[in-house]
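In: Based on what follows, work out the 3D shape:
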Amino acid sequence: MRDGKPVPAVSAAVFHDGRVLLAQRRKPPLTGVWSLPGGHIEPGEKARDAIARELAEETGITADILGIADVTDVIIRSDDRRLKAHYVITVFYGRWQSGQAQPMSDCMAVDWADPATLSQRQMTEGTAAIVARAAALAAQHDPAPNG
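Out: Next comes the predicted model:
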């Protein structure tokens with residue numbers, strides 16, 4: 001939180017060969033948890049510019065951002081229910097364009113995961129549902145088969 005206010009952030013469900021890119025968080029408050037790559041929007045930065053920057057900084061890839069899949073809140077409370085963090089995240093979806101995915105600044109690991117296996121990981125709440133929604137939206141952008 002910045003001055004007790006929610007922090008604007010971005011993330012992206014990026015797809016490549018039927019898989020979605022996941023990042024394992026390196027920093028608190030969710031160290032070790034898998035989520036979609038992303039992070040804070042810097043003051044004066046546009047959300048689409050922020051997700052391009054975050055993807056490059058965290059994973060080393062570039063993506064064709066196709067649209068917005070969701071806007072979600074991550075609210076983290078201490079054991080005594082005090083608010084520790086509140087992020088308002090614009091979740092984009094898109095397709096991999098270039099780069100070899102690798103853990104960089106804020107990631108312990110990255111992985112291209114089969115969306116059907118997300119329940120087998122420790123993930124941020126609601127990520128699997130957002131990935132499913134993003135996959136359906138991304139499929140609408142796929143060219144029609146020839147025939």
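
In: Report the mean confidence score over stretch 72-80.
Out: Averaging pLDDT along stretch 72-80 yields 90.

In: For V74, give me its contacts.
Out: Residues near V74 by CB atoms under 8 Å, 6 or more residues apart in numbering: A85, H86, Y87, I89, T124, E125. In this view, the C-beta of every residue, glycine as well, is placed from N, C-alpha and C.

In: so A134 touches V91, yeah?
Out: Yes. Assessed by CB atoms under 8 Å, A134 is found in contact with V91 at 7.0 Å.

In: how about the helices in this structure?
Out: With DSSP state H as the definition, the chain shows helices at residue ranges 47-59, 127-139.

In: can you tell which of those helices is closest to A69?
Out: With CB to CB as the measure, helix 127-139 is the member of those nearest A69 (3.9 Å).

In: Name the residue in A134 and V91 with the higher neighbour count.
Out: Neighbour count, other CB atoms under 10 Å: between A134 and V91, A134 has more, with 26 against 23.
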